[in-house]
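> could you look at this predicted model? Sequence included:
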Amino acid sequence: MANLKAIRDRISTVKNTKKITEAMRLVAAAKVRRAQEQVLSTRPFADRLAQVLYGLQARLRFEEADLPLLRQREVKKVALLVVTGDRGLCGAYNSNVIRRAEERSKELQATGIDYTFVLVGRKAIQYFQRREQPIDATYSNLEQIPTAEEASNIGDELLSLFLSDTVDRVELIYTRFLSLVSSRPVIQTLLPLDPQGLEVSDDEIFRLTTRGGQFEVEREQVTRTPQAMASDMIFEQNPVQILDALLPLYLNNQLLRSLQESAASELAARMTAMNNASENASELIGTLTLTYNKARQAAITQELLEVVGGAEALN
């Protein structure tokens, strides 16, 4: 009987755990939808900024514009901006980004290039602080759905490092959102800005939908047709000065987009992890229920044998 009680308690515990993991999955799904809405709401500004940059690019050659953010110089030190989450329970999301950052730091060290970290998320901060790695700035407790203000604060720190010649290049390591079950850590050079990277190109947005009671992601290709500025347009300022003012906005927009992708990847990883945990809980409940029924049948059989044996002894 003591064994049966232990099994019943275990089944009750697993059922409670399943309720928690299922609730966490639904919360993550709701936040993925919010991330999707934010991507859509920030797109008009990104499109307009890209159009203006394209028009300026058509009016002047970026190679001839002597601007600090476009200036290439000998790379002696690199700032690695690593974007992770503040919490766990999201599968291998954080460990994949951290592993890629470590690999990149070793690659730079092997070529004789110094590096420093700019860390976003408590997981990366705790990991690299324990290993006494060079850290220039840290950011944690950001909104679950990133905001333009947070991207601007990080961008100001990166601009300060680059323009003061503290670092010669800034690289971003974040997780690109592919699907609810797939994401990939990638490296992107943020500074100096590459003129080729300012071209208007096809983009993608994701939409979280449900089909057959299951969440899935639909990716939509967005084609932007570049429109050159009118040839008779008169600039009140020198186009180079306008470009100098717009490039920091472009950098912040790139940062915001990467933070949004990372947030969506983290939430999708948490959805997948909690879904797997719920399924495992269901399987465990089934196994424990079967074990409980077998033990109960054995106990009943044992009691019947004892009753029959006692009756025969009396006769």
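Structure's in. What do you need? Numbering: from 1, shown residues only.

> SS state for the residue nearest to the spatial centre of the chain?
By Cα atoms, centre = their mean, the chain has its centre lying nearest to Ser262, at 2.1 Å. Of the three states, Ser262 takes helix according to DSSP: H, G, I helix; E, B strand; the rest coil.

> list the contacts for it?
Val83, Thr84, Gly85, Pro146, Tyr174, Thr175, Phe177 (Cβ atoms under 8 Å, 6 or more residues apart in numbering). Using the backbone N, CA and C atoms, a C-beta is placed for each residue, glycine as well.

> any idea which of the residues you listed is least confident?
Within the contacts of Ser262, Phe177 has the lowest pLDDT, namely 78.

> which other helices and strands contact the helix or strand hosting that residue?
In this assignment (DSSP states H and E), Phe177 forms part of strand 169-179. Applying 3 or more Cβ pairs under 8 Å, 6 or more residues apart in numbering; DSSP states H and E, one finds that strand 169-179 contacts strand 77-83, helix 93-110, helix 148-163, strand 182-191, helix 239-314.

> for it, what is the distance to the chain centroid?
Centre-to-centre, strand 169-179 and its host chain are 8 Å apart (Cα atoms, centre = their mean, to the nearest Å).

> buried ones in that strand?
Arg169, Val170, Glu171, Leu172, Ile173, Tyr174, Thr175, Phe177, Leu178 (16 or more other Cβ atoms under 10 Å).

> got it, and stretch 146-158?
Pro146, Ala148, Glu150, Ala151, Ser152, Ile154, Gly155, Glu157, Leu158.

> out of the residues you listed, flag the one nearest to Val14.
Pro146 (35.5 Å; Cβ to Cβ).

> where does that closest one fall, helix, sheet strand or coil?
Pro146 - assigned by three-state DSSP - is coil.

> please name whichever of the helices and strands packed on strand 169-179 is nearest to Arg33.
helix 239-314 (9.4 Å).

> now the angle between strand 77-83 and the closest one, please.
50 degrees (axes from the mean of the first three to the mean of the last three Cα atoms, to 10 degrees).

> confidence score at Ser41?
Taking Ser41 on its own, its pLDDT is 76.

> element containing it?
Per DSSP H and E: helix 2-59 holds Ser41.

> helices or strands up against that helix?
Counting by 3+ Cβ pairs under 8 Å, 6+ apart, helix 2-59 packs on strand 203-211, helix 239-314.

> right, and these - which one's nearest Asn141?
If we rank those by Cβ to Cβ, the stretch that ends up nearest is helix 239-314, at 13.6 Å.
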